[in-house]
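# Dropping the sequence and predicted coords here.
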Amino acid sequence: MSAAALTSEPALSPIVAAAARGELPEWARASQKRRAHIGRVAALLGEWAAALGLPQAEQTRWLAAGWLHDVLREADPDELRPLVPEAFRHLPGKLLHGPAAAERLAGHADDELLEAIRYHTLGPARFGRLGRALYLADFLEPGRRYEPEWTAALRARMPGEMDAVMREVVAARVRHVTESGSVLHPETRALHEQVEGA
Ligand SMILES: [Fe+2]
Ligand SMILES: [Fe+2]
């Protein structure tokens, strides 16, 4: 790589660089069990970024997205609610940690990384590739007990068939939400329509 290419890469903030090494900020609220989940998500993202042949700085951002996505997962939702933008205040408590982490990381990470973290529980239609990869890694990491054979088969198709895997995962999550009698969030519905039409 030329010196010009090196200097044109945006510098990663200390928080993002540390997260990519598996070190969470001191304001993290995540139990040991949660950190194990977070580590598995980051490992999948690192594996996929390398398999896609992404430049080193990109691979670092993907790893950081994994490590930071649930950084406030165990914070009290009542404390997170006032911190998130108006549009997210109505969300169920357990979905607030994405938008709240993005607010906390603002100024320390680029927009694509912040958006991936902000929306990882909702899955919006405007996800970029990193957002899609985080959404899938969060769902497909091998520690989850949900349909282990199916998720193993989907993992085996990543990252080469990311769009097709995304369609299957979104369809399954939408089915799960509607069958449980819950109302689908408009962002999730928009994502479903987008991937079905793709
Ligand atoms: Fe999460
Ligand atoms: Fe997660």
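Right, received. Where do you want to start? Ligands and ions are numbered 1, 2, ... in the order given.
# For the residue positioned nearest the centre of the chain, what is the enclosing helix or strand?
Residue closest to the average C-alpha location in the chain (Cα atoms, centre = their mean): Leu134, at 3.3 Å. Using DSSP states H and E, Leu134 falls within helix 129-140.
# That helix close to ligand 2?
Yes. Residues of helix 129-140 contacting ligand 2 under Cβ under 5 Å from the ion: Asp138. (C-beta placed from N, C-alpha, C; glycine too.)
# Identify the residues contacting that helix?
Contact with helix 129-140 is made by 41-42, 44-45, 48-49, 61-62, 65-66, 69, 112-113, 115-117, 119-120, 123-124, 127, 151, 154-155, 158-159, 162, 165-166, 169, 173, as judged by Cβ atoms under 8 Å, 6 or more residues apart in numbering.
# Mind checking what helix or strand follows it in sequence?
Note on helix 129-140: by DSSP H and E, the next helix or strand toward the C-terminus is helix 148-156.
# Which strands or helices does that following helix pack on?
Judged by 3 or more Cβ pairs under 8 Å, 6 or more residues apart in numbering; DSSP states H and E, the packing partners of helix 148-156 are helix 129-140, helix 162-179.
# hmm, back to that, okay, and which of the contacts of helix 129-140 map to helices?
By the criterion of DSSP state H, membership of these in helices covers 41-42, 44-45, 48-49, 61-62, 65-66, 112-113, 115-117, 151, 154-155, 162, 165-166, 169, 173.
# Generate a ChimeraX selection restricted to the buried subset of the contacts of helix 129-140.
Applying 16 or more other Cβ atoms under 10 Å to those, the buried members can be selected in ChimeraX as follows:
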select :41,42,44,45,48,49,61,62,65,66,69,113,115,116,117,119,120,123,124,127,151,154,155,158,159,162,165,166,169,173
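# Could you restrict the contacts of helix 129-140 to the ones contacting ligand 2?
Okay, of these, nothing touches ligand 2 (Cβ under 5 Å from the ion).
# rewinding a little: quick one: mean pLDDT over the helix holding Leu134.
Mean pLDDT, computed over helix 129-140, is 95.
# quick one: low-confidence parts of this structure?
1-10, 198 (pLDDT under 70).
# Sweet, I'm off.
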